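Engineer: Give me a model of this one.
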Amino acid sequence: MIRSSVYRLYPGTLRRAQLLSGIAGANRYVWNWAIRQNRDAMKAYEEDRGEKPSPTFFNLGLEFTRLRNSEGHEWLKELPYAEVRYVLKRYADAMKEARKGKRGFPKFKHREDGDSFTIPQNVRIENGKLHVPKVGWVPVRRQGGDPWAYGEVKQAVVVKHPNGKWYVSVFREVPDVELEDNGKAVGVDMGKWNVATTEQKRIFMPDVSRLEARLKRHQRKMHRRKRMFLLDDGGKPRQTQQGKIIKVNSGRREKERRIVARLYRKIAHIRDNWKHHVSHDLAGQFGTVCVEGLKIKSMMRSAKGTVEKPGKNVKAKSALNRGITESGWGRLRWMLGYKAHRLEKVNPAYTSQTCHRCGHVAEENRRKERFKCVSCGYVGNADINAAFNILALGTGAAGQGGAFASVRAGPSGLARSSDPDDLSMDIQGLLADCCI
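Structural biologist: Have a look, this model is predicted:
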């Protein structure tokens with residue numbers, strides 16, 4: 001299997017930083033060149049002036065060799081061949097996905113879109129340094145060490161983040177390891193900015209409200225700064241091929257943009273670190289982790305509507321979507337998927353409205369964070385109650401009649417006591433001995 005590790009890359013000198021930016025710029029230039037070539041060829045084909053273009057990596061590679069040897073492109077020979085050509089592999093894959101209707105067609109890239117390139121083969125990392133062709137050995141650091149250092153290095157992707165720092169993601173092939181199952185299971189309910197478990201715990205995300213307030217302040221300052229026209233040698237505004245005037249950030253706006261990018265990155269790091277700690281702790285304590293199989297993309301569809309049919313509660317829905325995005329349900333679930341021995345995704349329907357003691361389902365059971373069963377009178381936290389229901393569904397303890405219908409009926413099919421305390425003892429005993 002393939003595992004990746006992110007290192008901080010330190011160019012060290014201005015010359016090295018310029019060379020890295022030069023390789024990334026060449027990638028961007030070749031990407032845009034491929035788009036223009038394909039569009040011109042497609043236009044000629046539609047006018048019966050040529051054959052239908054076939055933007056495969058092989059064909060694009062042949063065209064790139066001709067481009068590299070053509071007049072006016074001698075500067076491409078000063079840059080590494082494989083690292084610049086590999087962007088055509090990404091372009092060919094993007095075109096393939098676009099023709100299948102899975103994504104949009106590739107678009108032109110601008111310098112402000114960021115710098116990145118791939119070292120596709122013969123990646124060498126020795127003594128805390130990465131060898132970048134035509135650049136040399138560049139120091140790299142990773143806090144805490146690399147858990148996959150024993151694997152065989154396959155590829156490396158070098159990226160310059162908007163905050164101005166360089167990073168490299170190293171992809172290694174490591175042998176598949178069967179994770180041990182300790183026979184324990186846990187149910188996890190994911191809410192906005194917290195997760196609740198059947199261990200009667202609610203784990204909250206770190207408070208970044210001060211950083212978010214500072215971010216908004218600098219965003220407002222950035223938008224007050226002006227953008228300037230990019231002038232050509234004659235002093236006239238430069239334009240794209242589509243006739244759009246090119247603008248660039250002023251010095252003061254660029255300064256604020258870097259501050260905004262740094263704050264975004266810091267907030268993202270804090271939240272991602274929290275997800276890693278939560279998933280690590282759960283996977284280390286329990287062999288099976290049960291979560292809701294939420295369709296996050298569908299849940300986050302806009303409620304704005306159209307002019308003829310405007311949406312309802314648009315502001316509240318926008319706040320909910322923002323909370324889902326910040327909570328990162330999909331990424332936390334993805335982390336649990338590769339860290340835990342077994343990840344069970346259950347149907348999320350009615351898990352928050354079902355009483356985990358008696359199995360009664362009613363919308364009136366839940367009132368925000370408080371859960372009070374209108375049937376048996378159980379009172380507790382709504383998220384923790386949902387976590388018990390998720391565990392029951394994930395471990396196969398649930399029947400069609402309710403969250404714990406099979407427990408209430410008993411192994412012989414005879415009805416058990418309807419007293420809530422007796423039912424609670426049966427359920428808690430099942431959860432304590434829950435094994436897969």
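Engineer: the longest helix in the chain is where?
Structural biologist: helix 251-285 (DSSP state H).
Engineer: Find the centremost residue of the protein, please.
Structural biologist: Centroid-nearest residue in the chain, with Cα atoms, centre = their mean: Arg331, separated by 5.9 Å.
Engineer: Ignoring the adjacent residues along the chain, who's closest to that one?
Structural biologist: Nearest non-adjacent residue to Arg331, counting by Cβ to Cβ, 6 or more residues apart in numbering: Lys275, 5.9 Å away. Where you see a C-beta, it was placed from the backbone N, CA and C, and this is true even at glycine.
Engineer: so Gly12 makes contact with Val140?
Structural biologist: No: using Cβ atoms under 8 Å, Gly12 is not in contact with Val140, being 11.0 Å away.
Engineer: now the helices: where do they sit in the stretch 151-300 of the chain?
Structural biologist: 209-224, 251-285, 296-299 (DSSP state H, counting those that start in this stretch).
Engineer: Buried deepest among those, which one?
Structural biologist: Mean neighbour count (mean count of other Cβ atoms under 10 Å) peaks for helix 251-285 among the helices of the stretch 151-300 of the chain, with a mean of 16.
Engineer: and the direction of that helix versus that of helix 209-224, what angle?
Structural biologist: 150 degrees (axes from the mean of the first three to the mean of the last three Cα atoms, to 10 degrees).
Engineer: Buried ones in the host helix or strand of Ala387, by neighbour count?
Structural biologist: In this assignment (DSSP states H and E), Ala387 forms part of helix 382-394. Of the residues in helix 382-394, those with enough neighbours to count as buried (16 or more other Cβ atoms under 10 Å) are 382-394.
Engineer: what mean pLDDT would you report for that helix?
Structural biologist: Across helix 382-394, pLDDT averages out at 91.
Engineer: gap between that helix and the chain center?
Structural biologist: 26 Å (Cα atoms, centre = their mean, to the nearest Å).
Engineer: Could I get the full set of strands for the stretch 301-436 of the chain?
Structural biologist: 342-346, 366-367, 370-372, 379-381 (DSSP state E, counting those that start in this stretch).
Engineer: Out of those, the one nearest Asn127 is which?
Structural biologist: Among the strands of the stretch 301-436 of the chain, the nearest to Asn127 by Cβ to Cβ is strand 342-346 (38.1 Å).
Engineer: Between helix 382-394 and that closest one, find me the angle.
Structural biologist: Going by the same axes, to 10 degrees, strand 342-346 makes 110 degrees with helix 382-394.
Engineer: export strand 342-346 as CSV, just CAs?
Structural biologist: The C-alpha trace of strand 342-346 is given here as CSV (Å, rounded to 0.1, in the frame of the first residue of the first chain):
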residue,chain,number,x,y,z
ARG,A,342,-12.6,-2.2,11.3
LEU,A,343,-14.8,0.8,10.4
GLU,A,344,-18.5,0.3,10.3
LYS,A,345,-20.7,2.8,8.6
VAL,A,346,-24.4,2.6,9.6
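Engineer: List the strands paired with that strand, with their directions.
Structural biologist: If you go by DSSP bridges, strand 342-346 pairs up with strand 288-292 (parallel).
Engineer: Provide a list of residues in contact with the nearest residue to Val208 once chain neighbours are set aside.
Structural biologist: Using Cβ to Cβ, 6+ apart and skipping the chain neighbours, the partner closest in space to Val208 is Ile267 (5.2 Å). Contact analysis of Ile267 by Cβ atoms under 8 Å, 6 or more residues apart in numbering lists Val208, Leu211, Glu212, Leu215.
Engineer: Please report the distance of the third one from Leu263.
Structural biologist: So the one you mean is Glu212. 8 Å (Cβ to Cβ, to the nearest Å).
Engineer: Same check on Lys309?
Structural biologist: Applying Cβ to Cβ to Lys309 and Leu263 gives a distance of 38 Å.
Engineer: try His277
Structural biologist: 22 Å.
Engineer: His131 too?
Structural biologist: 33 Å.
Engineer: same deal with Ala17?
Structural biologist: The value you get for Ala17 to Leu263, if Cβ to Cβ is used, is 23 Å.
Engineer: can you check Leu336 too?
Structural biologist: Taking Cβ to Cβ, one finds Leu336 at 28 Å from Leu263.
Engineer: repeat for Gly394
Structural biologist: With Cβ to Cβ as the criterion, Gly394 and Leu263 are 38 Å apart.
Engineer: And Asp40, by the same measure?
Structural biologist: From Asp40 to Leu263 the distance is 42 Å (Cβ to Cβ).
Engineer: Next: Lys317.
Structural biologist: 26 Å.
Engineer: Not counting its neighbours along the chain, what's nearest Ala196?
Structural biologist: Asp383 (3.5 Å).
Engineer: residue contacts, that neighbour?
Structural biologist: Asp189, Gly191, Asn194, Ala196, Arg202, Ser352, Glu369.
Engineer: Mind doing that once more with 10 Å?
Structural biologist: 188-191, 194-197, 202, 352, 366, 369, 371 (Cβ atoms under 10 Å, 6 or more residues apart in numbering).
Engineer: So which of those residues sits lowest on pLDDT?
Structural biologist: Glu369 (83).
Engineer: can you pull the contacts of that residue?
Structural biologist: Glu369 neighbours (Cβ under 10 Å, 6+ apart): Gly191, Ala196, Arg202, Asn381, Ala382, Asp383, Ile384.
Engineer: now with 6 Å?
Structural biologist: If a contact means Cβ atoms under 6 Å, 6 or more residues apart in numbering, then Glu369 has Ala382 as its contacts.
Engineer: Please tell me how far it sits from Trp274.
Structural biologist: Distance of Glu369 to Trp274, given as Cβ to Cβ: 20 Å.
Engineer: And Leu20, by the same measure?
Structural biologist: 31 Å.
Engineer: for Leu179, same thing?
Structural biologist: 22 Å.
Engineer: try Ser54
Structural biologist: Taking Cβ to Cβ, one finds Ser54 at 47 Å from Trp274.
Engineer: For the residue nearest to Leu282 when sequence neighbours are not counted, grab the count of nearby residues.
Structural biologist: In space, and not counting its chain neighbours, Leu282 is closest to Val289: 5.5 Å by Cβ to Cβ, 6+ apart. Counted with other Cβ atoms under 10 Å, the neighbours of Val289 add up to 28.
Engineer: Contact partners for Val289?
Structural biologist: Contacts of Val289 (Cβ under 6 Å, 6+ apart): Val186, Leu282, Leu336, Ala340, Leu343.
Engineer: at 10 Å instead, please
Structural biologist: With Cβ under 10 Å, 6+ apart, Val289 has these contacts: 184-188, 197, 279, 282-283, 333, 336-337, 339-345, 390-391, 394.
Engineer: Could you list the low-pLDDT ranges of the stretch 1-150 of the chain?
Structural biologist: With pLDDT under 70 as the threshold, the stretch 1-150 of the chain has no low-confidence stretch at all.
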